[in-house]
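Peer 1: Just need the structure, nothing else, for what follows:
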Amino acid sequence: APAAPIVLPTQRASAYLRKILEAEADRVVAAVPGTRHATLLAAARTLGRLVGGGALSAQEARDALTAAAAGHVGVEGTTRAEVDRTIADGLAYGARLPRRIDTTRSAR
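Peer 2: Numbering: from 1, shown residues only. From the prediction side, this is the model:
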């Protein structure tokens, strides 16, 4: 069953999305050998849920994850193609479990 949408004021929704992007990117950057693939896949699934719900564009998610994983390319056999494939797989999987963010106008 789809998750209930998160309802936030417009400004908070933007900050919430930015924080999720930063947190997932930080996890990918900090991943150590032996956890890199799983960490990147999990981050892509998390962002994929937001892509599926229309709160985030696939390109924005892909760009953030690709930049975060750039430091791993060439380390212990990690290739750019592997990173791209992992991101695509995670985004596609996450999109099947969409997470919507609905916005409201804040009361003044």
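Peer 1: Quick check: residue 43 touching residue 89?
Peer 2: No - using C-beta atoms under 8 Å, residue 43 is not in contact with residue 89; the gap is 11.9 Å. For glycine as for every other residue, the C-beta is placed from the backbone atoms N, C-alpha and C.
Peer 1: Tell me which of the two has more neighbours.
Peer 2: Higher neighbour count among residue 43 and residue 89: residue 43, with 29 against 15, using other C-beta atoms under 10 Å.
Peer 1: Find the nearest non-adjacent residue to the more buried one, please.
Peer 2: Nearest in space to residue 43, with sequence neighbours left out and distances taken as C-beta to C-beta, 6 or more residues apart in numbering, is residue 24 at 4.0 Å.
Peer 1: do you know how far the one you found is from residue 9?
Peer 2: The gap separating residue 24 from residue 9 is 23 Å, by C-beta to C-beta, to the nearest Å.
Peer 1: So which of these two has more stuff around it?
Peer 2: With other C-beta under 10 Å as the criterion, residue 24 and residue 9 differ in neighbour count, and residue 24 comes out ahead with 23 against 14.
Peer 1: low-scoring stretches of the chain, by residue?
Peer 2: Low-confidence regions of the chain, defined here as pLDDT under 70, cover residues 1-2, 105-108.
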